[in-house]
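Undergrad: Predicted model follows, preceded by the sequence.
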Amino acid sequence: MIKMPCMQENMNSPILQSLRRGSDPRAATCRGKLQSKRSKLNMEINKELMLRSGAENLFKASTNKKMKETVALELSFVNSNLQLLKEQLAELNSSVELYQMQNNSEVAVPMIPLGLKETKEIELRDSFKDFILEHYSEDGTNYENQLAELMDIRQAMRTPTRDNNGIALLFEYYNQLYFVERRFFPPDRSLGIYFEWYDSLTGVPSCQRTVAFEKASVLFNIGGLYTQIGTRQDRNTEEGLDTAVDNFLRAAGTFQYIHENFTNAPSMDLGPETLHMLVQLMCGQARECLFEKTEITFYEKNQPDIALCLELGQEAAHVSDVYEKVFEAISHPPVKDYVPFSWVSLAQVKQEHYRALANFYIAVGLLDHEGDLDKKTRETLQFLHDIRPDRAGNNGVRPAIPESKDLQLYLGKAHLREALLMHEEALRVNRMCRELRKKDILQEVLRLSHDRSLNKYADIDDEDDFQEVLEPPPVMPATTYQLTLAFPDFSQYKVSDLFKSLGPVAVFSAKHHWTAPRTIQLRKKEDEGYGFSVRGDAPVVVAGVEQNSLADIGGMREGDYLVGIGDHDVKWSSHADVVKEIKTAQNNLKLRLVTPLDRSMAKSNYKEKTSVKSVQSLMGGSISPTSTTSSSSGLSVSHSYSPEDGFSPASSESSGSTREQFRNNKKAWSIFKKTPRERRNSRDDFIEENVIFR
């Protein structure tokens, strides 16, 4: 039977872009089929876990001996099925070759990508519509389109394309969660909405009510997509290697961001130990790509260059040193029992492989060099070896600088012998892992590297050489590259609040409370005033009400928010627009008002006061020279953010509702770090007019 090759993803396909919201890209590629198999295994594991839980409860509750024996037998079958399913999932997680670069003419050491977390479809419409009616006193059916749009985004982000469009889609949903959390998740109660996600490696489901769990899972998938994009790059070109490095560092930054901003994870893949290991792993793979980039420069020169060889040797030693740290992080519980064994073995294989390459390139530089050593090369050779006791062991004596050709041959041969020993160790570790033995690409890379060192050693070996064998200290790790983690840039993916019609989120949110809207009708004579003043923007606030005035008799109170004038909604209107609307109404004014019930909101209305200039009112009233206005910080959104503008919550990662939930339930998913909220006013000294309608 002829196997069809994996279809290479055409990331710029207009069909994929046009079906971004509704398409299922998993069916188009081999990587997608792997993810689909992982999703099915997740569901089967969940089913078996439920069966086991029921059987265990029945075993505890039953008093009949025969029934207990029957249930115990059933439990053994369920546990066996679970073990088989988990082994199948571990085998899928070890299938790194499907994610590697396509149509590569040369073999390369495979990278480790991450599969994406799966989630169940959840129904938000009914709960959100009920909350809109109850909390915002609006008809939830008026927001059917917005709710459908939110559900479409969530459905689409479950199957993102493996490219920058998929990254943008996940960021779009993540940023939209900023508004959803503040609009619909109050701190004092639950809406009964549960977010369920499957562990990316074990398939075990986790369920929580907090939006923070949803956000962290989306961020994990963003990091996972970066690993897949980085893995599939063509590492035979400098451009492909640069792209791979960029994506691995973005993945590392994303995992580090989760590690720093989220705690008490309900699933193992979001735990601090796992995230620390993933950051180390992604940095190691980025270092590996930079080493390969230096190798390309070496082979393009096609002539011996001892300086470049020494640089390559130290770069390879640095990569080996990084993978040693990865191996330490990945081989200790609880991570060791969680990740596939092939990952642990591959980290160890790479540690030995790059240590061997370090000795090989040092040997090549010494053996192929012609002529005298320059000053820079002497300095490098002087400190080339690591003689620290924990590294060098008994070989703590630094070799002398090989000035002569014989000394260069002697030291080069010693390093070549070390390279052979370490290549053989890498092959041995590879053979010890059943999954790695199936990776033909990895075996070919290790075999070719070993044969290259063996052939080089055979060329210089002299049977009549009875000189004492030198055991050189390890090569000192060094690098010319400085890596920086690329943390998620949320501001790059601006979104608009789907529920902006509810009003500015700084005021009209789930954690704030206000009275139901009330309508008042004011009629005045031509030479009469209404008797109230307004200030602020979005929403405009009643600054003062004169005693026994029309406004006072009509029920207006100081601190009320104007949410409607006539048939117009003015929650988002500026101060000037509201004044214009009131003046347009002339002698017959219809207002819709709400009164804030939170003390903090009432206090913030009058916290900062500044005087304003006196201006003659067009309605027979005047602006009082002694009237005051207060800063609208915390009560209105920035003037640079209009309802039509996009918004990205780059610095807001937690809300009052989330923090309150975590105080009540310490085991709940929580956020422990919050960056300061940016000022919402676009100008430092923003003075609002306080207009009085007398």
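TA: Yep, it's here.
Undergrad: Mind listing what's buried along the one helix or strand Val579 maps to?
TA: For Val579, the host element (DSSP states H and E) is helix 575-585. Using 16 or more other Cβ atoms under 10 Å as the test for burial, helix 575-585 gives 575, 577-579, 581-582, 585. For every residue, glycine as well, the C-beta is placed using N, CA and C.
Undergrad: Now whichever helix or strand comes after that helix - C-alpha only, PDB.
TA: Helices and strands here follow DSSP H and E; after helix 575-585, the next one along the chain is strand 588-594. Below are the C-alpha coordinates for strand 588-594, written out as PDB (Å, rounded to 0.1, in the frame of the first residue of the first chain):
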ATOM      1  CA  ASN A 588     -40.000  69.400  27.800                       C
ATOM      2  CA  LEU A 589     -37.300  67.000  29.000                       C
ATOM      3  CA  LYS A 590     -37.600  63.300  29.400                       C
ATOM      4  CA  LEU A 591     -34.700  61.600  31.300                       C
ATOM      5  CA  ARG A 592     -33.800  58.000  32.200                       C
ATOM      6  CA  LEU A 593     -31.700  57.800  35.400                       C
ATOM      7  CA  VAL A 594     -30.000  55.200  37.600                       C
END
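Undergrad: Hmm, which of the buried residues of helix 575-585 is lowest in pLDDT?
TA: Lowest in pLDDT among the buried residues of helix 575-585 is Ala585, which has 81.
Undergrad: circling back to that earlier point, which strands and helices lie in contact with the helix holding Val579?
TA: For helix 575-585, the elements it packs on are strand 532-535, strand 561-565, strand 691-693, judged by 3 or more Cβ pairs under 8 Å, 6 or more residues apart in numbering; DSSP states H and E.
Undergrad: looking at those, which is closest to Tyr257?
TA: Each of the helices and strands packed on helix 575-585 has some distance to Tyr257 by Cβ to Cβ; the shortest is strand 561-565, at 36.3 Å.
Undergrad: which residues touch the following helix or strand past the closest one?
TA: Note on strand 561-565: by DSSP H and E, the next helix or strand toward the C-terminus is strand 568-569. Contact partners of strand 568-569, identified using Cβ atoms under 8 Å, 6 or more residues apart in numbering, comprise 501, 563, 581.
Undergrad: element containing the closest residue to Thr484 other than its chain neighbours?
TA: Excluding the flanking residues, the one nearest Thr484 by Cβ to Cβ, 6 or more residues apart in numbering is Leu249, at 7.1 Å. Secondary structure assigned from DSSP H and E places Leu249 in helix 238-261.
Undergrad: dump the residue contacts of the nearest residue to Leu281 once chain neighbours are set aside.
TA: In this structure, Leu281 finds its nearest non-sequential neighbour in Val326, 5.3 Å apart by Cβ to Cβ, 6+ apart. Taking Cβ under 8 Å, 6+ apart, we find Val326 in contact with 277, 280-281, 284, 347, 351.
Undergrad: Export the residues you listed to JSON lines and append columns for neighbour count, pLDDT and secondary structure.
TA: Output for the contacts of Val326, formatted as JSON lines (neighbours: other Cβ atoms under 10 Å; pLDDT from 0 to 100; DSSP: H, G, I helix; E, B strand; the rest coil):
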{"residue": "Met277", "neighbour count": "26", "pLDDT": "94", "secondary structure": "helix"}
{"residue": "Gln280", "neighbour count": "21", "pLDDT": "94", "secondary structure": "helix"}
{"residue": "Leu281", "neighbour count": "29", "pLDDT": "95", "secondary structure": "helix"}
{"residue": "Gly284", "neighbour count": "26", "pLDDT": "94", "secondary structure": "helix"}
{"residue": "Ala347", "neighbour count": "26", "pLDDT": "93", "secondary structure": "helix"}
{"residue": "Gln351", "neighbour count": "25", "pLDDT": "94", "secondary structure": "helix"}
